[in-house]
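Asker: Got a predicted structure here, sequence first:
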Amino acid sequence: MLELAILGFLRDQPLHGYDLRRRVAALMGHVRPVADGTLYPAIKRMAASGWLTRKDEPGAAAAPRRTLYLTSEGRAELERRLREPDELDISDENRWFTLLAFLRHLDEAKDQANVLRRRLAFLEEPTSFFYDGDRPMGAEEFGDPFRHGLLAIAHATSQAELTWLHTTIDALESGTADPPRTPPS
């Protein structure tokens, strides 16, 4: 998830480490706080893999600032991860939101629609946080207002996402969706 966010934000534009950290934290920090001890080793690994480069540039003060740039290999890795997400990227809501934040970077509407169809298939499977044997339990089965609320909120969120997925997939497949908005190369 962290690597995908780094690749995605650097696909948007080159960034200084501090700016990248702020953006990653805004996207996923509520789920997993982004510490320097997590971010900078990931940047180092990704640079070693050839996915990004670091260049020193003059800073606002006396010290130079290191700016991160996505390489063509990094762009290819981002596109691969977007086009072929792991099953957990589809089923885990937090990972899904990170993937969704950068899905516009796939140039082909059919590739975008394929990823959305996988999420749609996942959401259409009956599921719950609570089960009676193998049967998922619905909100109406609980007198407990907290479990009832949890399930009612999750159901409403899923319904909203299902509606959005159907509309967006139809638009992508019919060619009526806005073209992907990616910055020029």
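Answerer: Done, it's in.

Asker: ok now the top helix by length along the chain, how far from the chain's centre?
Answerer: Ranked by residue count, the top helix of the chain under DSSP state H comes out as helix 145-174. In terms of CA atoms, centre = their mean, to the nearest Å, the centre of helix 145-174 is set 17 Å apart from its chain centre.

Asker: just checking, what packs against that helix?
Answerer: helix 109-124 (3 or more CB pairs under 8 Å, 6 or more residues apart in numbering; DSSP states H and E). In this view, the C-beta of every residue, glycine as well, is placed from N, C-alpha and C.

Asker: May I see the buried residues of the helix it packs on?
Answerer: 109, 111-113, 115-116, 118-120, 123 (16 or more other CB atoms under 10 Å).

Asker: now those residues as JSON lines including distance to Q159 and pLDDT?
Answerer: Formatted as JSON lines, those follow (distance: CB to CB, whole Å; pLDDT from 0 to 100):
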{"residue": "A109", "distance to Q159": "25", "pLDDT": "95"}
{"residue": "D111", "distance to Q159": "26", "pLDDT": "97"}
{"residue": "Q112", "distance to Q159": "22", "pLDDT": "97"}
{"residue": "A113", "distance to Q159": "20", "pLDDT": "97"}
{"residue": "V115", "distance to Q159": "20", "pLDDT": "98"}
{"residue": "L116", "distance to Q159": "16", "pLDDT": "98"}
{"residue": "R118", "distance to Q159": "19", "pLDDT": "97"}
{"residue": "R119", "distance to Q159": "14", "pLDDT": "97"}
{"residue": "L120", "distance to Q159": "13", "pLDDT": "97"}
{"residue": "L123", "distance to Q159": "9", "pLDDT": "93"}
